[in-house]
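Colleague: Next come a sequence and a model predicted from it.
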Amino acid sequence: MVHVAVGNSLKSYRALELENAQLRHALAARIVIEQAKGVLAERFGLELGHAFELLRSAARANRRRVDALAKEVTGARTTPPEIEELVRAGADVVRIGDRF
């Protein structure tokens, strides 16, 4: 009985460690995505929601993870080509001040 209880506790501990690591990764990804939204909003005069849509669309169109593309946005002074292409192509992004 003691071996079973210890075994179950160890499994629970490992499961909690894994969940903790996953949550830390998700939080780090969320932070970089929020930063990239701000950068894109500033560069292109977009609302934050539209900046996210631009980031998400560029990632999807190029089969990339949103957080990986977001790291490129925040890590360089230039905009990644995947995003530039969408902007040049006239992607459905609404700039601040545009009317519907």
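Modeller: Happy to help now that I have it.
Colleague: Name the SS class of Glu72, please.
Modeller: Glu72 falls in the helix class when you classify it by DSSP: H, G, I helix; E, B strand; the rest coil.
Colleague: close enough to count as contact, it and Pro80?
Modeller: Yes - between Glu72 and Pro80 a contact is recorded at 4.5 Å, counting by CB atoms under 8 Å. Just so you know, the C-beta spots here come from the backbone N, C-alpha and C atoms, and that holds for glycine as well.
Colleague: Please identify which of the two sits among more neighbours.
Modeller: Pro80 (21 against 17; other CB atoms under 10 Å).
Colleague: Please report the distance of that one from Lys37.
Modeller: 14 Å (CB to CB, to the nearest Å).
Colleague: What of Glu84?
Modeller: From Glu84 over to Lys37 (counting by CB to CB), the distance is 17 Å.
Colleague: now swap in Leu27 and tell me
Modeller: Leu27 is 16 Å from Lys37, by CB to CB.
Colleague: just Leu54 next, same as before
Modeller: Separation of Leu54 from Lys37 (CB to CB): 9 Å.
Colleague: Please apply the same query to Thr78.
Modeller: Applying CB to CB to Thr78 and Lys37 gives a distance of 17 Å.
Colleague: What of Ala89?
Modeller: Relative to Lys37, and taking CB to CB, Ala89 is found at 20 Å.
Colleague: Name the residue in those two with the higher neighbour count.
Modeller: Lys37 (23 against 8).
Colleague: That one contacts Leu55, doesn't it?
Modeller: Yes - using CB under 8 Å, Lys37 is in contact with Leu55, at 6.7 Å.
Colleague: the helices in the protein, which residues?
Modeller: Along the chain, the segments classed as helices by DSSP state H run 2-44, 48-61, 66-75, 81-88.
Colleague: what would the ones you listed look like in JSON lines with mean pLDDT?
Modeller: Output for the helices of the chain, formatted as JSON lines (pLDDT from 0 to 100):
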{"stretch": "helix 2-44", "mean pLDDT": "89"}
{"stretch": "helix 48-61", "mean pLDDT": "96"}
{"stretch": "helix 66-75", "mean pLDDT": "97"}
{"stretch": "helix 81-88", "mean pLDDT": "93"}
